[in-house]
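Fold the following and give me the result.
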Amino acid sequence: MSASENSKAVMVDRLLGSIKDISGLPECRNVCKKVYGNLVRRVKLLSPLFEEIKDSDCESLGDEEIRSFEPLAIALDSALSLLKFVNQGSKLYRALRRSEMAEMFQHVNDQIEAAMSELQYNKLEISEEVQQQIELVHAQFKRAKATVELADVQLDLDLTVAQIEKDPDREVLNRLSEKLHLKTINDMKKESAELHEFVISSGGEPVDTLEIMSSLLKKLTDCVLNENSEVDPPEGEKASIKHRSPVIPDDFRCPISLELMKDPVIVSTGQTYERSCIQKWLDVGHKTCPKTQQTLLHTALTPNYALKSLIALWCESNGVELPKKQGSCRTKKYGSSLSDCDRTAINALLNRLANGNMEQQRAAAGELRLLAKRNADNRVCIAEAGAIPLLVELLSSSDPRTQEHAVTALLNLSINESNKGTIVNAGAIPDIVDVLKNGSMEARENAAATLFSLSVVDENKVSIGAAGAIPALISLLCEGTPRGKKDAATAIFNLSIYQGNKARAVKAGIVGPLMAFLHDAGDGMVDEALAILAILASHHEGRTAIGQVEPIPILLEVIRTGSPRNRENAAAVLWSLCTGDPLQLKVAKDLGAGQALHELSENGTDRAKRKAGSILELLQRMEGDNNLPNT
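Numbering: from 1, shown residues only. Okay, the predicted model is just below:
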């Protein structure tokens, strides 16, 4: 690598490092929470730009583009320093100095916005999808007004009342306690320590400010102590309190059961459900989101840790018993009706896996496969007992049935989020890919499903693609049973979210089979084919490969007659083709795209309308150019 290329890579790594550091900061729990969170969120959205530039090995970057990144690197350093500063120290001090905090946030916002204005997107080889996202983020920084985000008339009023009145109303103190995130005795202990530290280090701070903070802290501490003393009433009062159950917030209820969620999970549409309820819905064959009726792109369930924490806090604050946690077998009585998790039985199965003959290994792997499928507790128990490394070893078994049981057991275990990491750390990915290439059809299909499950974790997308999974998935896409084709397509779609895997899929010949699915709807793969084509079309190699197979007639047919989601994806592919190649635009025009796109611009989904409108503008511009007089 030349010195110039090295400096480019260093700059891109520096920017990615700053974004990663900011993204990894802890949640802010003081009055700056909103403006802090908004700044972190906006900075996170810059990551795809520099990841895509890094994936291209920075070859296309000139010295001018690199120089234009320097102000942004400096601005992100300032942002990181500010975010660390406001999330430390006394919460009361932050509240009393909100106007100063607002000025600091506004300065950093303006600094980042000015730096982004220097970026020359037209000279960067980035996808249209990423460019649109960065332009939206830039617009957010332009609109950001920290003074507005930190404005809170009620907080100002409550702070004034709490300072002036000797014995403020309990409601005022409760609001302050909530706003300042000083709600528990531990919170008050920490704030007291921070105030003590502040007094020691604040040489030039006016004495009256310190007195105000000390007075407010005492009043809030008394309020919190009184609240906590009322949490555990005398035994005689407990029965009557049970009848005064607090109203459960709607956001904490499962949309299916309407009960308080104990294990909230997110489906592909972004909706959250209680895990057991949505799993039952999926197990009976439903393919849609119960709340929105949208088709689910996949059936993976992602834990909603943020909501789970909020529910736990709400339960604690309202004296409600915390929902029983799933996934821990330590508190179960082995052999009881509460769980099938029997540590002794599992250990016996593991002994047969490790030391038995081929028939014993096959039977043990089959039993673990069924146990892991049955419930969440079993998945935790089996993993904690050390089954995963032994099952990974059996992936290379010469017995096809043993191999099927092993890969399917790993698939079932991977449903548990923490097990995904254990499976990957056991070195399973290369062996799963080998099963995908060489196993029986059932083993190949379950290997594809396992790779999809593991690829829900972003870093695994990279290692799965690097292990050679994509060509094998494409083979399954062409040769598998209907279920196998669906599993392969879902895995390919998820892996292709990572930019580097898009190029791998194109080089492995994915475009031909996808176009065949569009031309022959009998396979029932049109939805999956269009979704993958839409994501590949955002990559220049994908766009080129799609353009070489005369896609426009079938894309226009889908736009005219397809489902709303398929029309949207077909329009996205057509837009990518037409914006990058005037010849493709001319083909679309000659095939009468205007009428179909006009109808889509009025009746399609929001995204479809935008894409259709953009292509119509290109067609109109082409018409105008053709009508210019010759000179």
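
hmm, who's touching stretch 20-36?
37, 40, 43-44, 47, 76, 79-80, 83-84, 86-87, 91, 94-95, 98, 101-102, 105, 146, 149-150, 152, 155, 179-181 (CB atoms under 8 Å, 6 or more residues apart in numbering). Glycine gets a C-beta too; all of them are placed from N, C-alpha and C.

End to end on stretch 457-472, go ahead and measure it.
End-to-end distance of stretch 457-472 (CA to CA, to the nearest Å): 20 Å.

In it, which residues are buried?
For stretch 457-472, the neighbour count (16 or more other CB atoms under 10 Å) marks 460-461, 464-465, 467-472 as buried.

Let me see the ranges of the helices in the stretch 201-350 of the chain.
Using DSSP state H, counting those that start in this stretch, the helices of the stretch 201-350 of the chain run over residues 207-229, 235-242, 275-283, 305-317, 343-355.

looking at those helices, which one has the lowest mean pLDDT?
When the helices of the stretch 201-350 of the chain are compared on mean pLDDT, helix 235-242 scores lowest, with a mean of 42.

hang on, the earlier thing: farthest-apart pair in the buried residues of stretch 457-472, please.
Across the buried residues of stretch 457-472, the two members that end up farthest from each other (CB to CB) are Asn460 and Pro471, 17.9 Å apart.

Using JSON lines, lay out the buried residues of stretch 457-472 together with distance to Lys189 and secondary structure.
Listed next are the buried residues of stretch 457-472 as JSON lines, based on distance: CB to CB, whole Å; DSSP: H, G, I helix; E, B strand; the rest coil:
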{"residue": "Asn460", "distance to Lys189": "41", "secondary structure": "helix"}
{"residue": "Lys461", "distance to Lys189": "43", "secondary structure": "helix"}
{"residue": "Ile464", "distance to Lys189": "46", "secondary structure": "helix"}
{"residue": "Gly465", "distance to Lys189": "49", "secondary structure": "helix"}
{"residue": "Ala467", "distance to Lys189": "50", "secondary structure": "coil"}
{"residue": "Gly468", "distance to Lys189": "55", "secondary structure": "coil"}
{"residue": "Ala469", "distance to Lys189": "51", "secondary structure": "helix"}
{"residue": "Ile470", "distance to Lys189": "54", "secondary structure": "helix"}
{"residue": "Pro471", "distance to Lys189": "58", "secondary structure": "helix"}
{"residue": "Ala472", "distance to Lys189": "57", "secondary structure": "helix"}
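
got TSV for the residues you listed, with pLDDT and distance to Asp167 too?
Formatted as TSV, these follow (pLDDT from 0 to 100; distance: CB to CB, whole Å):
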residue	pLDDT	distance to Asp167
Asn460	90	58
Lys461	91	59
Ile464	94	63
Gly465	93	65
Ala467	93	68
Gly468	94	72
Ala469	94	68
Ile470	95	69
Pro471	96	74
Ala472	95	73
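
Closest one of the residues you listed to Asp431?
Ala467 (9.5 Å).

Show residues contacting stretch 479-496.
Here stretch 479-496 has contacts from 297-298, 441, 444-446, 448-449, 451-452, 455-456, 461, 464-465, 469-470, 473-474, 476-477, 501-502, 505, 510, 523-525, 528-529, 531-532, 535-536, using CB under 8 Å, 6+ apart.

Give me the buried subset of those residues.
The neighbour count (16+ other CB under 10 Å) marks 297-298, 444-446, 448-449, 451-452, 455-456, 461, 464-465, 469-470, 473-474, 476-477, 501-502, 505, 510, 525, 528-529, 531-532, 535-536 as buried among the contacts of stretch 479-496.

Surely Lys586 and Met622 touch.
Yes. Counting by CB atoms under 8 Å, Lys586 does reach Met622; the two are 7.2 Å apart.

quick one: common contacting residues for those two?
Taking CB under 8 Å, 6+ apart as the contact rule, Lys586 and Met622 touch no residue in common.

can you give me the strands for the stretch 301-450 of the chain?
Counting by DSSP state E, counting those that start in this stretch, one finds strands in the stretch 301-450 of the chain at the ranges 302-303.

in it, which segments are predicted with low confidence?
Residues of the stretch 301-450 of the chain meeting the criterion pLDDT under 70: 303, 305-307, 309-310, 322-342.

Lys308 and Val265 touch, don't they?
No. With contact defined as CB under 8 Å, Lys308 does not reach Val265; the gap is 9.4 Å.

what about those two, which has more around it?
Shown here are Lys308 and Val265; by other CB atoms under 10 Å, Val265 has more neighbours (23 against 19).

Now that one. Nearest residue, chain neighbours left out?
Leu301 (4.0 Å; CB to CB, 6 or more residues apart in numbering).

What separation do you get for that neighbour and Gly270?
13 Å (CB to CB, to the nearest Å).
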